[in-house]
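Asks: Structure for the following, please:
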Amino acid sequence: MLINYSYFYFPKQNSMPLRKINLGMVGGGPGSFIGKIHFHAAMLDGQIQLVCGAFSSDPAKSKETGTGYYLPDERIYATYQEMIAGEALLPDEERMDILCIATPNHLHYEPAKLALENGFHVICDKPLAFSLEEAEELAMLADKTGLIFAVTHAYAAYPMVKEARHLVASGALGTVRKVVAEYPQGWLSDPIEKDNHIQASWRTDPKRTGKSGCMGDIGTHALHLAEYISGLKVNQLCADLSTMVEGRAVDDDGNVLLRFNNGARGVLYASQVSAGEENGLRIRVYGEKGGIDWIQADPGKLVVRWLDRPMEVRTSGNTYLSKEAQYSSRMPAGHPEGLIEAFANIYRNVATCIQHRLENEVPPEEVIDFPDVKDGLRGMQFIQKVVESSVSEHKWIRF
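Replies: Numbers count the residues shown, from 1 in each chain. Model prediction:
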């Protein structure tokens, strides 16, 4: 098969970049799932190098993790405050350029704020912060400083999600009428937090996860995809959140009715007690002329159903795809890509934007397509509204 590699974007194709982009990390110590994802994604394209970290609140664990990444002792910090202060004193080409925040929700705000105040770009795991108030302050600070602030809603970085968004934006499906987003998991069907399960312990603790458990953890991903692909905004919602496991302090299941700003209707379902489900994220968007169907467990395929002709199955890596989808494809057709590659697309875009800034150039449009602090703020507003709606007698809440 002839592959058109012209869309496989490499930064500064006609000249070498000035240097690699330097990354620092907060969190991601022993037992961290997401920290490894961030690290491998950041390293994938060779544009970024890890230069420092404060990987755990336990200095010994931070040292253990940093040593495993072959960092020199002086760049392994006991706290993020020491790291940001120490890195700010180094020459521009040596100090970190981006701070990656791979911590539980309640530990997002302070390091992100301090990084922005000291001139560092930020890549933060979602949700953006512990509370809406913190998220609003980070959004204002990012706007004030002009620094890059990316949020890892990585599902939006899959090639076939880009293709779905392109199909909707092109008008091929007609006016959007219906959006169905679902994200079932089953891993919290038992109260494993009582056995000190690391991931479950903080995700079910309202002091660390925030107002919402399931909806904050995975419902925000479904909301982001619904708005990203459809190009619409939810302006009203009606939510019913539940705690199915006895004694759990946060929601572990929820259903939300959605109304969009063009009159379309939608349904969003997120659950972490759907026994037997692994990571069943799925998004369907229906217009007047057809609809799309994307499933994260088989991310290289996009099903397109038409009102008046046979169904299509589009696959990543093919030359018939949109420029946006081809740009995000890393492999020729038939070669599967996964979550790390999607994360890597965000890191690549952020690094490329920084490279263009260093050379006083404007990056191409496809490079600036990554979830940012405004997307993170939108997620926090969603959490606030679904919780408000769920306990209200007036159910429908403006969003």
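Asks: what residues does stretch 296-315 touch?
Replies: Residues from elsewhere that reach stretch 296-315 (CB atoms under 8 Å, 6 or more residues apart in numbering): 155, 158-161, 163-164, 167, 278-282, 288-295, 316-317, 320-321, 333-334, 336-338, 342. No exception for glycine: its C-beta is placed from N, CA and C like everyone else's.
Asks: how about low-confidence regions in the stretch 251-399 of the chain?
Replies: Low-confidence regions of the stretch 251-399 of the chain, defined here as pLDDT under 70, do not occur.
Asks: mind redoing it with 90?
Replies: Residue ranges of the stretch 251-399 of the chain with pLDDT under 90: 365, 393-395.
Asks: For stretch 117-134, buried residues please.
Replies: 120-132, 134 (16 or more other CB atoms under 10 Å).
Asks: from those, which is closest to Gly171?
Replies: Lys126 (30.2 Å; CB to CB).
Asks: Weed out the non-buried ones from the contacts of stretch 296-315.
Replies: Applying 16+ other CB under 10 Å to the contacts of stretch 296-315, the neighbour count classes 155, 158-161, 163-164, 167, 280-282, 290-295, 316-317, 321, 337, 342 as buried.
Asks: Which ones among the residues you listed lie within strands?
Replies: Arg282, Gly290, Gly291, Ile292, Asp293, Trp294, Ile295 (DSSP state E).
Asks: Including distance to Lys178, could those go into CSV?
Replies: As requested, these are exported to CSV (distance: CB to CB, whole Å):
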residue, distance to Lys178
Arg282, 14
Gly290, 12
Gly291, 8
Ile292, 11
Asp293, 12
Trp294, 15
Ile295, 17
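Asks: Grab the nearest non-local neighbour of Thr204.
Replies: Nearest residue to Thr204, sequence neighbours excluded (CB to CB, 6 or more residues apart in numbering): Glu193, at 4.5 Å.
Asks: From Cys124, how far out is the most centrally placed residue in the chain?
Replies: With distances taken as CA atoms, centre = their mean, the residue of the chain nearest its centroid is His153 (1.5 Å). In this view, His153 and Cys124 are 11 Å apart by CB to CB, to the nearest Å.
Asks: Check Val256 too.
Replies: To Cys124, Val256 is 24 Å away according to CB to CB.
Asks: Check Leu232 too.
Replies: Relative to Cys124, Leu232 is positioned 25 Å away (CB to CB).
Asks: And Ala102, by the same measure?
Replies: Per CB to CB, Ala102 is found 9 Å from Cys124.
Asks: Also Ala351?
Replies: Note on Ala351: its distance to Cys124, by CB to CB, is 16 Å.
Asks: related to what we said a few turns ago, for the buried residues of stretch 117-134, which one is nearest Tyr228?
Replies: Nearest to Tyr228, judged by CB to CB, of the buried residues of stretch 117-134 is Lys126 at 13.1 Å.
Asks: List the contacts of that closest one.
Replies: Lys126 sits next to Val151, Thr152, His153, Thr220, His221, Gly376, Gly379 when contact means CB under 8 Å, 6+ apart.
Asks: go with 7 Å
Replies: Val151, Thr152, His153, Thr220, Gly376, Gly379 (CB atoms under 7 Å, 6 or more residues apart in numbering).
Asks: helix, strand or coil for it?
Replies: Using DSSP: H, G, I helix; E, B strand; the rest coil, the structure places Lys126 in coil.
Asks: got the phi/psi numbers for it?
Replies: Dihedral pair for Lys126: phi -100, psi 160, per degrees, to the nearest 10.
Asks: where does it land on pLDDT?
Replies: The score at Lys126 is 93. That number is its pLDDT.
Asks: Arg19 too?
Replies: pLDDT at Arg19 comes out at 89.
Asks: quick one: secondary structure of Cys238?
Replies: strand.
Asks: which residues touch it?
Replies: Shown in contact with Cys238 (CB under 7 Å, 6+ apart): Val256, Leu257, Ser389, Lys395, Trp396.
Asks: do Val51 as well
Replies: Val51 sits next to Asn22, Leu23, Gly24, Arg75, Met96 when contact means CB under 7 Å, 6+ apart.
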